[in-house]
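A.B. asks: quick check, what structure comes out for this input:
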Amino acid sequence: MFLALLVAGLTGAGAFLLFKFATVVDGDVTLVTRGPPRRERVEGKVVWITGASRGIGEVLAMQFASLGAKLILSARNRDELERVKQNIVSKNPDCRVEVLPMDLSCGEESLKDVVHAAESLFSNAGIDYMIHNAAFERP
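C.D. replies: Below you'll find the model as predicted:
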């Protein structure tokens, strides 16, 4: 009898954990184990996000801005980057955001120039975090 209760209890616990894993954390256990984002980890840090003109990159930029990061936004479309920047600044007036258009297919030397420009945008503070979210297709 005890063994049957133990098996039923473990099965119920397993089903509960599977349900939580599938619904709450969207299949990513790191979201549960690491806890909520901590402002002190990114506040004042320089975060460079490529592919920031829309989609995941735009959402990441909003999240980092809300945590107090200084942002460098990159993508090919300057107008879309400016739109994202205005959206961020309207919701986080103290956030410092720089737009740095770039195209990953422009060649290695050009990319080196963009990296040097990015490193010097915030009083030569460099880059603390780089989130490479841009798509790149070779012809």
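
A.B. asks: could you double-check that P101 sits in contact with D79?
C.D. replies: No. Look at P101 against D79 with Cβ atoms under 8 Å: they stay out of range, at 9.6 Å. For every residue, glycine as well, the C-beta is placed using N, CA and C.

A.B. asks: who's more crowded, those two?
C.D. replies: P101 (16 against 10; other Cβ atoms under 10 Å).

A.B. asks: confidence score at that one?
C.D. replies: For P101, the pLDDT comes out at 94.

A.B. asks: specify the local secondary structure of it.
C.D. replies: Assigned with DSSP: H, G, I helix; E, B strand; the rest coil, P101 falls in the coil class.

A.B. asks: neighbours of the closest residue to it other than its chain neighbours, how many?
C.D. replies: Excluding its sequence neighbours, the residue lying closest to P101 (Cβ to Cβ, 6 or more residues apart in numbering) is R78, at 4.6 Å. Here the number of neighbours of R78 (other Cβ under 10 Å) works out to 12.

A.B. asks: for R78, give its distance to V84.
C.D. replies: 11 Å (Cβ to Cβ, to the nearest Å).

A.B. asks: got it, and T50?
C.D. replies: 13 Å.
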